[in-house]
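# turn this into a structure:
(chains A and B, ligands or ions: 4)
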Amino acid sequence: SKTRNNFANKVNDLVARYRKVDEDFFEELEEILIQADVGFNTVMELIDELKMEVKRKNISDPTEVQSAISEKLVEIYQSGEKTTGHINIQEDSLTVILFVGVNGVGKTTTIGKLAHMYKQQGKNVILAAGDTFRAGAIDQLEVWGNRVGVDVVKHSEGSDPAAVMFDAIQSARAKSADILLCDTAGRLQNKVNLMNELEKVKRVIEREIPGAPHEVLLVLDATTGQNALLQAKTFKEVTNVSGIVLTKLDGTAKGGIVLAIRNELNIPVKFVGLGEKMDDLQAFDPEKYVYGLFSTIIEKEAE
Amino acid sequence: MAFEGLADRLQNTIQKIRGKGKVSESDVKEMMREVRLALLEADVNFKVVKEFIKKVSERAVGQEVMKSLTPGQQVIKVVKEELTNLMGGEQSQIAVSKRPPTVIMMVGLQGAGKTTTTGKLANLLRKKHNRNPLLVAADIYRPAAIKQLETLGKQLSMPVFSLGDQVSPVEIARQAIEKAKADHHDYVLIDTAGRLHIDGELMNELKEIKELASPEEIFLVVDAMTGQDAVNVAESFNEQLGITGVVLTKLDGDTRGGAALSIRSVTGKPIKFVGMGEKLDALEAFHPERMASRILGMGDVLTLIEKA
Ligand SMILES: Nc1nc2c(ncn2[C@@H]2O[C@H](COP(=O)(O)OP(=O)(O)OP(=O)(O)O)[C@@H](O)[C@H]2O)c(=O)[nH]1
Ligand SMILES: Nc1nc2c(ncn2[C@@H]2O[C@H](COP(=O)(O)OP(=O)(O)OP(=O)(O)O)[C@@H](O)[C@H]2O)c(=O)[nH]1
Ligand SMILES: [Mg+2]
Ligand SMILES: [Mg+2]
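Ligands and ions are numbered 1, 2, ... in the order given. Below is the predicted model:
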């Protein structure tokens, strides 16, 4: 997309503009990465490694640094390649996918989109209204259920979310459903009580179905800055997150923090959200994402 | 992965200075580098950081820091003062129209916290200012958005005006104001749908509502966890609508909240309130000094205390 090309162009401009590789040069490179919300530590590491390389090879010409930059970026690119957007679907039994994340990132919407996707693949999908807290959350999921044409298991507002999960599993079994998508209330990762509640929700699912939940997807808003790394870390500790859905990539934010999350926590992105409609979900293609982010540099390198 | 505060960051330089017993210009420069990193790590936009550092450097190279016996503390003091100044004073008053009702529009990106904040503001207006607001459900797009506001209205025992999701938001706003006049509501709080600042069609819808409703306040609701993009969002909403203030939500989290500084410096508009939780009483006045400490990682214990 446009924004990503801008990013790559900026690196090229940078290299073209500087006669000498100096502190200012690195500072500007740093800013380009920071601007894309690539995690702070990851940026600092990258810059330090580049500085070392420059020193070792005695480079002073910026165009020579460019090859070092692209090498480093390709490294991320390659580590990205190993992680595919694969979802751990059980072919002949119920697959349970649990959605977690902070407030307002797009959990419920993503469930609607994913339900639509699986329904289109001919799967029998059920939704569990595990957000019993937020005003209108159950209704919101029900609207999605109607829109997509799948059943929603719900209790009344204020009830125990773990009990909703228990019922949803029984119901999914009774109806021989293929996929159960479990919504949960948004919660900030520093709220100990709420994180404990989430742990309990997960435990109920584990107890009812050995091996479940088969995926725990952490939903991240692409506009989030450095805090997304803390979100990933804490939610991983509590619920053993297996993948990320990066939403709101249709805006102007670049969501570069997922690079840091892969770098530091090794959690792969599985889907990206590109809008509010049911079709606005795509499997994450790391090659395309990183390539898009750095394309011009990589292309130059290949010449 | 824990964030380093500015104080930690300055330790090395300070030790070096102690050894020499004198502060040089290059020491100041080194300290400014640490300030820069601390701000970037807190999600302050890099351009805003740049300007800020320039300003602080001037002060720091002068008497204040170089002649000080405790240069580290002095740098922190200068930085904190400048940050606090930049974020403006405490301004949590809400405008009043000469001809009631006073209209307030809530705008912002998807999921920022507009609907929740609408409920919180209504609660505050009644409790603290003895007002009688009418809540208006003008989000016809998000599934169950109307139901969400109605539920909040019920929790507050306050009326919510809605015409369903088949009537245009502009028309909803128009009829809501009529209704407010008829029922003697002194405030009208319009909850609008979340939208991207680059969505021309939906931004036009907001302009039309503004045109028609002549709101006294247009509050941009922004998630405190927003990263570098905060400047684009704030600048764009402000340019297109002329916002009057900002509400920073989800500050009960553990984000540093550098977006506050970014937004303030690109729009020049005051941050009026902060959201400190999901409940309807979790709205507080914005304290620039507290925010400055928080951005610098100086452990604002008050705001980090878990309230879940
Ligand atoms: N532009 C855009 N908006 C999105 C996307 N995904 C979700 N949204 C919007 O973001 C807002 C919040 O989405 P929800 O699905 O309610 O988020 P949530 O995580 O379930 O929120 P809580 O349950 O309140 O924590 C809604 O207005 C959605 O329409 C996306 O990919 N792009
Ligand atoms: N922890 C915390 N959560 C908040 C705060 N403000 C809002 N939320 C939560 O953030 C999520 C989104 O809030 P909404 O009020 O639905 O946001 P919105 O901007 O109206 O969303 P759209 O209408 O979809 O654009 C909900 O889960 C809220 O409970 C806050 O200050 N702290
Ligand atoms: Mg939800
Ligand atoms: Mg809303």
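# can you give me the neighbour number for residue 262?
Just going to use chain A. Neighbour count for residue A:262, taken as other Cβ atoms under 10 Å in any protein chain shown: 23. Every C-beta, even on glycine, is put in place using the N, C-alpha and C of the backbone.
# that's the other chain; I wanted chain B
Number of residues near residue B:262 (other Cβ under 10 Å) recorded here: 31.
# which residue is the nearest non-sequential neighbour of it?
residue B:45 (4.0 Å; Cβ to Cβ, 6 or more residues apart in numbering or on different chains).
# wait, doesn't the one you found sit right on residue B:234?
No. Contact criterion Cβ atoms under 8 Å: residue B:45 and residue B:234 do not qualify, at 9.6 Å.
# who touches both of these two?
Counting by Cβ atoms under 8 Å, 6 or more residues apart in numbering or on different chains, the contacts common to residue B:45 and residue B:234 are B:262, B:266.
# circling back: show me what contacts the residue nearest to residue B:262?
B:228, B:230, B:231, B:258, B:261, B:262, B:266.
# any idea how far the first one is from ligand 4?
Read it as residue B:228. From residue B:228 across to ligand 4, the span is 24 Å (Cβ to the ion, to the nearest Å).
# quick one: pLDDT of that residue?
At residue B:228, the pLDDT value in this model is 94.
# which pLDDT value goes with residue A:300?
Looking at residue A:300, its pLDDT reads 47.
# go on, residue A:35?
pLDDT recorded at residue A:35 is 83.
# for the closest residue to it other than its chain neighbours, helix, strand, or coil?
In this structure, residue A:35 finds its nearest non-sequential neighbour in residue B:228, 5.2 Å apart by Cβ to Cβ, 6+ apart. Following DSSP: H, G, I helix; E, B strand; the rest coil, the label given to residue B:228 is coil.
# was I right about residue B:228 contacting residue B:40?
No. Residue B:228 is beyond contact range of residue B:40, at 9.2 Å (criterion: Cβ under 8 Å).
# overlap in contacts, these two.
A:34, B:46.
# neighbour-wise, which of those two wins?
More neighbours surround residue B:228 than the other of residue B:228 and residue B:40, with 29 against 22 (other Cβ under 10 Å).
# what residues are up against residue A:143?
Counting by Cβ under 8 Å, 6+ apart, residue A:143 has contacts B:143, B:144.
# next secondary structure element downstream of the helix or strand hosting it?
If you go by DSSP states H and E, residue A:143 is part of helix A:137-148. The helix or strand immediately downstream of helix A:137-148 is strand A:151-153, counting by DSSP H and E.
# which elements pack onto the next helix or strand after that following strand?
Past strand A:151-153, further along toward the C-terminus, the next helix or strand under DSSP H and E is helix A:161-174. If you count contacts as 3 or more Cβ pairs under 8 Å, 6 or more residues apart in numbering or on different chains; DSSP states H and E, helix A:161-174 packs onto strand A:125-130, strand A:151-153, strand A:179-184, helix A:192-208.
# need these in a markdown table (columns: mean neighbour count, distance to residue A:169 and mean pLDDT).
What follows is the helices and strands packed on helix A:161-174, written out as a markdown table (neighbours: other Cβ atoms under 10 Å in any protein chain shown; distance: least, Cβ to Cβ, whole Å; pLDDT from 0 to 100):
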| stretch | mean neighbour count | distance to residue A:169 | mean pLDDT |
| --- | --- | --- | --- |
| strand A:125-130 | 28 | 8 | 98 |
| strand A:151-153 | 21 | 9 | 98 |
| strand A:179-184 | 28 | 7 | 98 |
| helix A:192-208 | 17 | 5 | 97 |
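# how far does stretch A:118-126 sit from the chain's center?
Taking Cα atoms, centre = their mean, to the nearest Å, the mean C-alpha location of stretch A:118-126 is offset from the chain mean by 22 Å.
# my error: substitute stretch B:82-94 in the last question.
11 Å.
# close to ligand 3: what parts of the stretch 1-150 of chain A are there?
Counting by Cβ under 5 Å from the ion, the stretch 1-150 of chain A comes close to ligand 3 at A:107, A:108.
# so, low pLDDT: which residues of the stretch 1-150 of chain A?
Low-confidence segments of the stretch 1-150 of chain A, defined by pLDDT under 70: A:1-8, A:11, A:70, A:73-74, A:76-85.
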